[in-house]
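Student: Task: produce atomic coordinates for the following.
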Amino acid sequence: MRLVVHPKNNLRGVVRVPGDKSISHRSIMFGALAQGKTIVKGFLRGADCLSTVACFRALGIEIEDLGETMVVHGRGLDGLQEPVDIMDAGNSGTTTRLMLGILAGQKFYSVITGDPSIRKRPMGRVTKPLTQMGAKIYGRDENTLAPLTIVPSNLKPTEYNLPIASAQVKSAILLAGLYTDGVTTITEPHKSRDHTERMLKGFGADLEVDGLAVRIKGGADLRGQEIVVPGDISSAAFFLVAGAITKGSEIVLENVGLNPTRTGIIDALRSMGADLEVLNEMEVAGEPIGDLRIRGSRLKGITIGGEIIPRLIDEIPILAIAAAAAEGETVIKDAQELRVKETDRIRVMVEQLKRMGADVEEREDGMIIRGGRPLRGALCHSAHDHRVAMSMAVAGLIAEGETIVEEAQYIDISFPGFAEMLFNL
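Tutor: Numbers count the residues shown, from 1 in each chain. You can find the predicted model right below:
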């Protein structure tokens, strides 16, 4: 599938982005491990989240699909059943890594794999701490690559210091901690997104957050909940940048999740000079939400690195587009995690921006972008990465001539309907 974009100013409208991807994944997982019914409203029907649904169905959980509402009939921590086949996580790293934490605590044999991208992504960062807890996980390259086989074991509590702040690794260990007799403690170097902590507490887990440390006590009696999924700020980011870099634009994004561990994109754009307002703030099911209004702005280059990186790691590809449109130099550093996403996002974004005539330099942990140089339309490749595809489509709004994004079908992994929503503006 090809996405064709022409330059455009004066983007105007009110949009509602799809449900938060991280919360959608976790609502299915935690609902399955709880007793009773969990109703999930605003569920993201992206391919990744549907992979999570398929995995739990394979584990014997009844899940009613009512469109944007999912009803999960949970069976408790010990209610999962041995799957009759290999589970397929598709393109979803969240599904794979969090499932490993859950499967490590089961009394049955299971195997999980994914598409070619997942089979290249490093899982050692999860299998190592789980193995320290007593898990028995086997796979390629010394148990670090999928397919991964999990066999029954008795897990024990652990104290683990994460070398890199990672919500996925933290969540996998916390979920495994539910299957121990004792308290498991995870400490991060920087704060990563905390949807797991917020939601597990809502379901009834005995969990405590103390600065950068999280403690969970095993054997919780989780209870089904009603969850309202806010709009995904990672999806909203594409429209925030689109509105900021195009003249005369004004876009309002409704009901966006504003979890402080996810709002680095707002802080970065404001530092660049974006005319961005947060309106109608409130809290729903333990998560802060609000509306975002963005207007066309004169952006300037900044340095993005350090503690803010875990709060905007998924938004760096689209921030690179904002940097290309900004006056002056933008330095993105401390972001080597981007090299092990769906693709090597540092390398791919540098390659695609150069195709459009941007002055960009690749660094091991990020990139340097010297903005203000006119972009030209080009043939761009998604590299099978949904965030790269959407980023290049937004770049096409300010490029002279026609921009074509090849393999744009991967956008559906996180944002079904993105192209229609963009063109409606």
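Student: how does the chain divide up, domain by domain?
Tutor: If you go by automatic domain parsing, the domain ranges for the chain are 2-19+230-424, 21-228.
Student: mind checking how far the longest one is from the chain centre?
Tutor: Average the C-alpha atoms of domain 2-19+230-424, do the same for its chain, and the two points are 14 Å apart (C-alpha atoms, centre = their mean, to the nearest Å).
Student: go on, the shortest one?
Tutor: On the basis of C-alpha atoms, centre = their mean, domain 21-228 is displaced by 14 Å from the centre of the chain it belongs to.
Student: Endpoints of it, how far apart?
Tutor: 12 Å (C-alpha to C-alpha, to the nearest Å).
Student: Give me the mean pLDDT for that domain.
Tutor: In this model, domain 21-228 carries a mean pLDDT of 97.
Student: how about the nearest residue to residue 56, chain neighbours excluded?
Tutor: Using C-beta to C-beta, 6 or more residues apart in numbering and skipping residues adjacent in sequence, the residue nearest residue 56 is residue 32, 4.7 Å away. The way it works is simple: take the backbone N, C-alpha and C, and place the C-beta from them, glycine included.
Student: Relative to residue 326, how far out is the one you found?
Tutor: Distance of residue 32 to residue 326, given as C-beta to C-beta, to the nearest Å: 44 Å.
Student: what do you get for residue 388?
Tutor: In terms of C-beta to C-beta, residue 388 sits 20 Å off from residue 326.
Student: Which of the two has more residues huddled nearby?
Tutor: Between residue 388 and residue 326, counted using other C-beta atoms under 10 Å, residue 388 has the larger neighbour count: 28 against 25.
Student: Convert the host helix or strand of that one to CSV, retaining C-alpha atoms only.
Tutor: Using DSSP states H and E, residue 388 sits within helix 386-395. Written as CSV, here are the backbone C-alpha positions of helix 386-395 (Å, rounded to 0.1, in the frame of the first residue of the first chain):
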residue,chain,number,x,y,z
HIS,A,386,4.2,2.2,11.6
ARG,A,387,5.8,5.2,13.3
VAL,A,388,8.2,5.8,10.4
ALA,A,389,5.4,5.6,7.9
MET,A,390,3.3,8.2,9.7
SER,A,391,6.3,10.5,10.3
MET,A,392,7.2,10.6,6.6
ALA,A,393,3.5,11.3,5.7
VAL,A,394,3.6,14.3,8.0
ALA,A,395,6.9,15.4,6.5
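Student: That helix packs against which elements?
Tutor: Applying 3 or more C-beta pairs under 8 Å, 6 or more residues apart in numbering; DSSP states H and E, one finds that helix 386-395 contacts strand 2-5, helix 233-245, helix 316-325, helix 345-355, strand 379-381, strand 403-406, helix 418-424.
Student: any chance you could map the strands in the stretch 51-200 of the chain?
Tutor: Along the stretch 51-200 of the chain, counting by DSSP state E, counting those that start in this stretch, strands occupy 62-65, 69-75, 87-88, 110-113, 136-139, 145-151, 159-161, 183-187.
Student: mind putting these in a markdown table, mean neighbour count and distance to residue 350 included?
Tutor: Listed next are those as a markdown table, based on neighbours: other C-beta atoms under 10 Å; distance: least, C-beta to C-beta, whole Å:
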| stretch | mean neighbour count | distance to residue 350 |
| --- | --- | --- |
| strand 62-65 | 14 | 40 |
| strand 69-75 | 20 | 38 |
| strand 87-88 | 20 | 32 |
| strand 110-113 | 22 | 30 |
| strand 136-139 | 18 | 31 |
| strand 145-151 | 20 | 26 |
| strand 159-161 | 14 | 32 |
| strand 183-187 | 19 | 33 |
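Student: wait, which of those is closest to residue 3?
Tutor: For those, proximity to residue 3 was assessed by C-beta to C-beta; strand 87-88 is nearest, at 26.6 Å.
Student: ok, that closest one: who's next to it in the sheet?
Tutor: Paired neighbours of strand 87-88 in the sheet (DSSP bridges): strand 110-113 (parallel).
Student: Can you list the neighbours in contact with the strand it pairs with?
Tutor: 55, 82-83, 86-89, 96, 99-100, 103, 119, 146-150 (C-beta atoms under 8 Å, 6 or more residues apart in numbering).
Student: quick one, what contacts the residue nearest to residue 109 when sequence neighbours are not counted?
Tutor: Using C-beta to C-beta, 6+ apart and skipping the chain neighbours, the partner closest in space to residue 109 is residue 151 (5.5 Å). Residue 151 is in contact with 109, 136, 138, counting by C-beta under 8 Å, 6+ apart.
Student: please redo it, this time with the cut-off set to 10 Å
Tutor: Applying C-beta atoms under 10 Å, 6 or more residues apart in numbering, we find residue 151 in contact with 103-104, 106-111, 135-138.
Student: now the end-to-end length of stretch 108-127.
Tutor: End residues of stretch 108-127 are separated by 17 Å (C-alpha to C-alpha).
Student: Give the buried residues for that stretch.
Tutor: 110-115, 117-119, 121, 123, 125-127 (16 or more other C-beta atoms under 10 Å).
Student: ok, back up a step: might one say that the residue nearest to residue 56 is in contact with residue 55?
Tutor: Yes. Contact criterion C-beta atoms under 10 Å: residue 32 and residue 55 qualify, at 9.3 Å.
Student: what do those two both touch?
Tutor: The contact lists of residue 32 and residue 55 share 61, 102, where a contact means C-beta under 10 Å, 6+ apart.
Student: circling back: the residue nearest to residue 56: which element?
Tutor: Going by DSSP H and E, residue 32 is in helix 21-33.
Student: got the angle for that helix vs helix 233-245?
Tutor: Angle, helix 21-33 to helix 233-245, by axes from the mean of the first three to the mean of the last three C-alpha atoms, to 10 degrees: 170 degrees.
Student: Give the next helix or strand downstream of helix 21-33.
Tutor: That would be, after helix 21-33 and using DSSP H and E, strand 35-41.
Student: For that following strand, which outside residues touch it?
Tutor: Strand 35-41 has contacts (C-beta under 10 Å, 6+ apart) with 19, 23-24, 26-28, 30-32, 49, 62-64, 66, 68-77, 79, 203-204, 221-229, 285.
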